[in-house]
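Asks: below are the sequence and a predicted model; questions follow.
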Amino acid sequence: MNYKKVGIIGIISLTIICSCVFLLLNNTSSKDKKDQNAKQQITTEYQEIAESIDETTDTTNVVKRYQQEFNNTDIIGELSIENTNMRVPVAQSTDNDYYLNHLLDKSRNSLGSVYLDYRNHTTDRKIIIYGHNSENVYTEFNLLENYLDESYYNNHSKIYFQTEDASYQYQIFSIYIATDDFQHVNLNYNTEEYANHLIWLKDQSVYNTGVEVNRYDDILILQTCYFNPEDTFLIVAAKKINSTNQ
């Protein structure tokens, strides 16, 4: 299989993640300000939901609460990272374009939402979650740039993904910048290809995390834009280390 060729094809729609936010950075129109305000309102709403569950004995599944609050069953999970304030709903549509420029309430917005690849089921051995990044506008995945500093990794190496049915814990094993080889977006592998892919992902890391991977590991890929150099992607790869059914 020509991974590079397949990866380039698969990444075409995803490059909009970089371009749309870049345009926002260079345009101070009233629409851009409106988008920023709407994004902040949505962010405040889902943060308040998460906090309300933490502060009470409410056992309602947080994903269902998000669905009810935003009247949106596209919300299929919540992503969080240890020792950070990041807890963000994850949506999924029938393509990888819709939530590039729509918020959780389905209003159109250039800052978009965090979302699961449309090809995925949450139980797949490899899942991919996308989100915007920006140099001077808040987005949830701004935080991922911190992982380029190894000292940050040491205290934030675990990622949590909760769905309606289960809770998953992942350990980050690789952080790298994808410049011209985008095979991280591929999902179809036989057993040998998958094993080689995990080794490849680990070998790309900008530093050695000390976390080993093998063909039996389920993995999570987080992708966002990166700006040094332009039109590249920051990739955070993690392997599943625990799961609990609800």
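Replies: That came through, no problem.
Asks: name the residues of stretch 208-220 that are buried.
Replies: By neighbour count on 16 or more other Cβ atoms under 10 Å, the buried set for stretch 208-220 is T209, V211, V213, D217, D218, I219, L220. Placement of C-beta: from N, CA and C, glycine included.
Asks: from those residues, which land in helices?
Replies: Counting by DSSP state H, the buried residues of stretch 208-220 place none of their members in helices.
Asks: looking at those, which is nearest H102?
Replies: L220 (22.8 Å; Cβ to Cβ).
Asks: pull the contacting residues for that closest one.
Replies: K126, I127, I128, I129, I159, F161, Y168, Y170, A237, A238, K239, K240 (Cβ atoms under 8 Å, 6 or more residues apart in numbering).
Asks: nearest to R119 among those?
Replies: Of all the contacts of L220, I128 has the smallest distance to R119: 8.2 Å, by Cβ to Cβ.
Asks: residues in contact with that closest one?
Replies: Counted by Cβ under 8 Å, 6+ apart, I128 has contacts L116, D117, N120, H184, V185, L187, L220, I221, Q223.
Asks: ok, 7 Å please
Replies: The neighbours of I128, taking Cβ atoms under 7 Å, 6 or more residues apart in numbering as the test, are D117, N120, V185, I221, Q223.
Asks: same check on Y115?
Replies: Y115 makes contact with V90, A91, Q92, S93, Y99, I129, Y130 under the criterion Cβ under 7 Å, 6+ apart.
Asks: number of nearby residues for T123?
Replies: Residues near T123, counting by other Cβ atoms under 10 Å, number 12.
Asks: point out where this protein drops to low pLDDT.
Replies: 1-29, 55-60 (pLDDT under 70).
Asks: helices of that one, residue ranges please.
Replies: With DSSP H as the criterion, the chain has helices spanning 3-11, 16-25, 30-54, 62-70, 150-153, 191-203.
Asks: of all the ones you listed, which lies closest to P229?
Replies: Short answer: helix 16-25, nearest of the helices of the chain by Cβ to Cβ, at 11.1 Å.
Asks: for the contacts of L220, which one is nearest L201?
Replies: Using Cβ to Cβ, the contacts of L220 come closest to L201 at A237, 4.9 Å.
Asks: state the distance from K33 to G131.
Replies: From K33 over to G131 the distance is 21 Å, taken as Cβ to Cβ, to the nearest Å.
Asks: of the two, who's got more company?
Replies: Neighbours were counted for K33 and for G131 using other Cβ under 10 Å; G131 has more, 25 against 12.
Asks: okay, now the residue nearest to that one when sequence neighbours are not counted: neighbour count?
Replies: Excluding its sequence neighbours, the residue lying closest to G131 (Cβ to Cβ, 6 or more residues apart in numbering) is F141, at 3.7 Å. By the criterion of other Cβ under 10 Å, F141 has 23 neighbours.
Asks: surely F141 is in contact with N133?
Replies: Yes - counting by Cβ atoms under 7 Å, N133 is a contact partner of F141 at 5.1 Å.
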